[in-house]
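Colleague: Only the shape, not the letters, is given here:
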Ligand code: SF4
């Protein structure tokens, strides 16, 4: 996994609550057996006027001019500003894969679907939780100032405006932060405890032998 | 200290805990399907890692498989490749059991786990699918995981988890006639919202829950994820034990007795502390119908579609307005005035034998309304299908004008050919009414099997309590 320490980026607002994983990446794109290439179909049903199917060329599609990510001012955004319960719904990791592949590196919302939250972190995509009031103020700013950018400092756990006039602190589990900052491979980390897992397994087997028969 | 059921399940699976509370949890059962596993197996191979314990794996192909013309195989080449990739991965790595496409026991992963006795009380169960919460009906700690976690569990038999908070949803009193577990679930989500359970493991208790069959409890736990909770669960009682006895992978003989003794301890202690308790009165719950594009947008069948004008919160109001436009509905219209084009009875929420019986009871001797273009029943598994056919339910459905299909996820998420066309309106027994979930532009109303059956006959929603 890529390391995540500090990010300065353009912010794109998605002003809807309960944006679900079906909206982030519709199911017809889940048929792929790869991890990459989902970015072109991020928010497919909202981003395009025609119906998307796997394998269609981006150039042949009809973008929906009303969808926020299609507005030129948000081109190249790497921070997605969203409303509560972002990423609710399914466990499909294709959702963070699509967001990352499109170019997002961090999200800011008052809350997330839990599985999506985990999935994001495992892909180096930082889901930041700020309060409703803080998120609201950012929605106002992004609307008011074209080219609105934010600085995310994971080590300091802060989100700040470029001029430093607003600085918000966010929470993240220390172990998750550690993995992100160092770009650790979680499986490798867990396997360092293989002996403990084996010891647990033996004990577990003697207590509930039917689980192993 | 008195413990909740969740505390007990957690404690009995902790391998180690980090100072910040993050823990390694041992996983007993890993359910695998074709959509969320290919990248996990590939990751394992790329890193030259071996799976830890493939005999914890039970696998099936369900999301992509067709529900008609099985003799033609899977026509869509991309879907076929995904299913074949699972075949190849299981034949390379092995599994405790695999129910591939065309096997008579194939079916939706959350239906076949319990049906095979592969889901047992006290287990930790994971699957790369959010509705893994279903298995909590057996007093399991069961949660959905992403593909990276699938790979992690394959490689280490563990999941990195932080302990959730405890929520008790207590439903007391008796349910009215025609009111089901699905209605409890929808009424709960209507009350606490789709994020209401975020950060919690929900235990369902109370006399109305105790009175549910295992099928009903599975429906309830299945929908815990729609309430935002990654896990839902119900304590062990006689219903649990009786359901499991004699199932393929359930223990036998002396080991069965030993297991049952342990399983009987899988309930919250008296006076166990919950971080949050939500109470519902069973007798007050009416059959529910969703009107919008989130499961929390729900009304009782005798209710009316809400009016956004009356909503003070701006974000909520805009969400309601957008949902009304998408759904093609007007504020204040009666639920019973909503006419439907298609009916889908199926999905891991409501495709078990009891669900099919309830629907069949409503349609028996009647006929699907001429305005309904398609009404279909998709059993949750090959074995459910066989059982239903033994009971003659297939004939009841066919004579009433329903299509009787092969098992699979089908129009719950429309990855195969079963889908809504843009603008089509469906009474569906599935679990998600998100935009486009059942097909681009499709409009989904979530209901119980009896309600879906009633709607198929009438052509619009009807109150199953009176329509008999
Ligand atoms: S039936 Fe629907 S919700 Fe259940 S596993 Fe299949 S796609 Fe997911």
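Modeller: That came through, no problem. Bear in mind the structure is a predicted one, so any value in this text is a computation, not a measurement.
Colleague: got the contact list for residue B:412?
Modeller: Shown in contact with residue B:412 (C-beta atoms under 8 Å, 6 or more residues apart in numbering or on different chains): B:344, B:346-349, B:428, B:430-432, B:438. Just so you know, the C-beta spots here come from the backbone N, C-alpha and C atoms, and that holds for glycine as well.
Colleague: likewise residue B:350?
Modeller: So residue B:350 contacts B:182, B:219, B:429-430, B:448-449 (C-beta under 8 Å, 6+ apart).
Colleague: Pick out whichever of the residues you listed sits closest to the ligand.
Modeller: Taking C-beta to the nearest ligand atom as the measure, residue B:430 is the one of the contacts of residue B:350 closest to the ligand, at 5.8 Å.
Colleague: related to what we said a few turns ago, mind checking which of the contacts of residue B:412 land in strands?
Modeller: Using DSSP state E, B:344, B:428 are the members of those that sit in strands.
Colleague: Dump the contacts of residue B:412 into JSON lines; add distance to residue B:11, neighbour count and pLDDT as well.
Modeller: Below are those laid out as JSON lines (distance: C-beta to C-beta, whole Å; neighbours: other C-beta atoms under 10 Å in any protein chain shown; pLDDT from 0 to 100):
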{"residue": "B:344", "distance to residue B:11": "41", "neighbour count": "29", "pLDDT": "98"}
{"residue": "B:346", "distance to residue B:11": "37", "neighbour count": "30", "pLDDT": "98"}
{"residue": "B:347", "distance to residue B:11": "33", "neighbour count": "28", "pLDDT": "98"}
{"residue": "B:348", "distance to residue B:11": "28", "neighbour count": "26", "pLDDT": "98"}
{"residue": "B:349", "distance to residue B:11": "30", "neighbour count": "30", "pLDDT": "98"}
{"residue": "B:428", "distance to residue B:11": "39", "neighbour count": "31", "pLDDT": "98"}
{"residue": "B:430", "distance to residue B:11": "35", "neighbour count": "29", "pLDDT": "98"}
{"residue": "B:431", "distance to residue B:11": "30", "neighbour count": "28", "pLDDT": "97"}
{"residue": "B:432", "distance to residue B:11": "33", "neighbour count": "28", "pLDDT": "97"}
{"residue": "B:438", "distance to residue B:11": "40", "neighbour count": "28", "pLDDT": "96"}
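Colleague: Kindly reformat the contacts of residue B:412 as a markdown table containing distance to the ligand.
Modeller: Output for the contacts of residue B:412, formatted as a markdown table (distance: C-beta to the nearest ligand atom, whole Å):
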| residue | distance to the ligand |
| --- | --- |
| B:344 | 10 |
| B:346 | 7 |
| B:347 | 4 |
| B:348 | 3 |
| B:349 | 7 |
| B:428 | 10 |
| B:430 | 6 |
| B:431 | 5 |
| B:432 | 7 |
| B:438 | 10 |
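Colleague: Widest-spaced pair of the contacts of residue B:412?
Modeller: Greatest spatial distance in these: B:348 and B:438, 14.6 Å, computed using C-beta to C-beta.
Colleague: Model confidence for the residue lying farthest from the centre of chain A, exactly?
Modeller: No residue in chain A sits farther from the centre than residue A:206, which is 41.1 Å out by C-alpha atoms, centre = their mean. Looking at residue A:206, its pLDDT is 97.
Colleague: in what helix or strand does it lie?
Modeller: Assigned by DSSP states H and E, residue A:206 belongs to helix A:194-207.
Colleague: Same check on residue B:125?
Modeller: Using DSSP H and E, residue B:125 sits in strand B:124-127.
Colleague: and if you look at residue B:187?
Modeller: Taking DSSP H and E as the definition, residue B:187 sits inside helix B:181-192.
Colleague: show me what contacts the residue of chain A at minimum distance from the ligand?
Modeller: At 7.0 Å from the ligand, residue A:90 is the closest residue in chain A, using C-beta to the nearest ligand atom. By C-beta under 8 Å, 6+ apart, residue A:90 lies in contact with A:20-22, A:115, B:129-130, B:144, B:432.
Colleague: pLDDT weak spots in chain A?
Modeller: Chain A contains no residues with pLDDT under 70.
Colleague: At which residues are the helices of it located?
Modeller: For chain A, helices defined by DSSP state H occupy the ranges A:21-24, A:44-47, A:94-102, A:114-121, A:132-144, A:174-182, A:186-191, A:194-207.
Colleague: TSV for these, including distance to chain B?
Modeller: Compiled in TSV, these are given as follows (distance: least, C-beta to the nearest C-beta, whole Å):
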stretch	distance to chain B
helix A:21-24	4
helix A:44-47	5
helix A:94-102	8
helix A:114-121	4
helix A:132-144	9
helix A:174-182	4
helix A:186-191	5
helix A:194-207	4
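Colleague: quick one: which of those helices is nearest residue B:208?
Modeller: So among those, helix A:114-121 is nearest, using C-beta to C-beta, at 26.7 Å.
Colleague: how about that closest one, does it reach the ligand?
Modeller: No. Helix A:114-121 is not in contact with the ligand by C-beta under 6 Å from any ligand atom; minimum separation 12.7 Å.
Colleague: Phi, psi for residue B:122 please.
Modeller: Main-chain torsions, residue B:122, degrees, to the nearest 10: phi 80, psi -10.
Colleague: show me what contacts it?
Modeller: Counting by C-beta under 8 Å, 6+ apart, residue B:122 touches A:208, B:9, B:12, B:139-140, B:262-263, B:266.
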